[in-house]
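>>> For reference, the sequence and a predicted model appear below.
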Amino acid sequence: MKKVLLIEDDARLAELISEYLCRYDFEVSLVLRGDLALEAIEREQPDIVVLDLMLPGMDGMDICRAIRKNSTLPILMLTARADIFDQVTGLEIGADDYMLKPVEPRLLLAHLRVILRRVDRHDRNAADAPMRFGELEVDLSARQVCWKGNEVDLKTADYNLFVILLQAAGKVLSRDELLKRWRGIGFDGIDRTVDVSISRLRRRFDDDAQEPRKIKTVWGRGYLFNPIAWEE
C-alpha cells in the first residue's frame with residue numbers, strides 16, 4: 001500500500017480524491033493549508049505528494065521548492081490555472097507531473113501509478129548498482145567484493161557484517177545495533193563476535209590493526225565505516 005499526502009484546500013474535491021484512491025489500495029492523508037504541508041511531509045513520510053498550486057498560508061510553488069531542497073519525494077501538482085507558464089515553472093522547479101483541474105479521479109490514479117512505477121524502477125536500478133569507495137567495489141546483487149582490482153573471498157558472516165557497515169558509511173554503529181542487524185540479537189556485554197569479525201575484515205583490506213582508519217573504532221560508541229579512508 002502506497003501512502004499519498006494530498007495537499008488541497010478544496011475539502012469536497014479532497015474527499016472525492018481520497019475516497020477514490022483508497023479503493024485502489026492507497027493510504028491518503030489530507031492537509032488543507034499550505035503552511036502545514038512541510039510539517040505533514042515530515043510526520044507522514046508519504047511515498048508521493050499531490051500538491052495543489054493555490055493554497056492558503058503557502059502556495060504550491062513555494063512548497064515544491066522547499067521539498068526539492070533536500071528530497072526527491074515525487075510530486076504531482078494540481079491547478080485550476082491553465083496558464084502554460086505555471087505548468088512549465090512547476091516542472092522546472094521539481095514537480096514530476098502536472099494536472100489541470102477539474103481532476104478526473106481515474107486519470108489522477110493513472111498518473112500516480114506511472115510516477116510510482118518510475119520511482120520504483122529507479123530505486124531498483126540504484127540498489128543493483130555496485131557500491132564504490134576508491135578501489136573498493138561491492139556488487140550486492142552478485143555478493144562480490146573487489147579490492148584493488150582483485151576479488152576478495154569473505155566468509156558469509158564477515159561479508160554480511162561488512163555490508164551492514166558499508167550501507168551505513170559515515171555513521172557510527174554500536175555493537176548492539178550491529179548484532180541486531182547481523183544476527184538478530186542484542187549485545188549482552190560479553191559477545192565478542194563483532195570485534196573478531198571486524199579484525200578479520202581489517203586484515204583483508206590492509207587496515208592498520210593498531211590505528212585502523214577504514215573501519216574505525218569510536219571508543220565508547222561502536223564502529224564506523226570511514227568512506228574517506230577508502231578513497232586514499
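Sure thing, it's come through. As the structure is a prediction and not an experimental result, all values here were calculated from the model.
>>> name the helices or strands packed onto the longest helix along the chain?
In the chain, with assignment by DSSP state H, the single longest helix is helix 105-128. Counting contacts by 3 or more Cβ pairs under 8 Å, 6 or more residues apart in numbering; DSSP states H and E, helix 105-128 packs against strand 2-7, helix 11-23, strand 48-52, strand 75-79, strand 97-100. Glycine gets a C-beta too; all of them are placed from N, C-alpha and C.
>>> Could you rerun that using 10 Å?
strand 2-7, helix 11-23, strand 26-31, strand 48-52, strand 75-79, strand 97-100 (3 or more Cβ pairs under 10 Å, 6 or more residues apart in numbering; DSSP states H and E).
>>> These: which one's closest to N160?
strand 2-7 (30.0 Å; Cβ to Cβ).
>>> what about the protein, any weak spots by pLDDT?
Scanning the chain for pLDDT under 70 picks out the ranges 122-129.
>>> Give me the domain ranges for it.
2-125, 131-225 (the TED database).
>>> could you dump the ones you listed to TSV with mean neighbour count and distance to E232?
Output for the domains of the chain, formatted as TSV (neighbours: other Cβ atoms under 10 Å; distance: least, Cβ to Cβ, whole Å):
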stretch	mean neighbour count	distance to E232
domain 2-125	16	29
domain 131-225	15	7
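>>> now those in a markdown table, with distance to E231?
Output for the domains of the chain, formatted as a markdown table (distance: least, Cβ to Cβ, whole Å):
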| stretch | distance to E231 |
| --- | --- |
| domain 2-125 | 24 |
| domain 131-225 | 4 |
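>>> ok so, going back, any chance of the helices and strands packed on helix 105-128 in JSON lines, plus distance to R175?
What follows is those, written out as JSON lines (distance: least, Cβ to Cβ, whole Å):
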{"stretch": "strand 2-7", "distance to R175": "34"}
{"stretch": "helix 11-23", "distance to R175": "44"}
{"stretch": "strand 26-31", "distance to R175": "36"}
{"stretch": "strand 48-52", "distance to R175": "38"}
{"stretch": "strand 75-79", "distance to R175": "40"}
{"stretch": "strand 97-100", "distance to R175": "46"}
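>>> Identify whichever of these lies nearest to L224.
Of all the helices and strands packed on helix 105-128, strand 2-7 comes closest under Cβ to Cβ, at 32.6 Å.
>>> mind listing what the closest one pairs with, with the direction of each?
Looking at strand 2-7 with DSSP bridges, its partner strands are strand 26-31 (parallel), strand 48-52 (parallel).
>>> and for whichever helix or strand comes after the shortest one, what are the contacting residues?
If I follow you right, that is strand 48-52. Reading on from strand 48-52 to the C-terminus, the next helix or strand found by DSSP states H and E is helix 60-68. Helix 60-68 is contacted from outside by 7-8, 31, 34-35, 37-38, 41, 49, 51-55, 57-58, 73-75, 77-79, 86, 89-91, 93-95, using Cβ atoms under 10 Å, 6 or more residues apart in numbering.
>>> switch the cut-off to 7 Å
Identification of contacts with helix 60-68 by Cβ atoms under 7 Å, 6 or more residues apart in numbering yields 7, 34, 37-38, 41, 51-54, 73, 75, 77, 89-90, 93-95.
>>> With stretch 133-146 instead?
128, 130-131, 147-148, 151-152, 154, 159, 163, 166, 227, 230-232.
>>> Which member of the residues you listed is positioned nearest G184?
Closest approach to G184 among the contacts of stretch 133-146 (Cβ to Cβ): V163, at 15.3 Å.
>>> and the closest one, that's in a helix?
Yes - according to DSSP: H, G, I helix; E, B strand; the rest coil, V163 belongs to a helix.
>>> measure it to Q144 for me?
Computed as Cβ to Cβ, to the nearest Å, the V163 to Q144 distance reads 11 Å.
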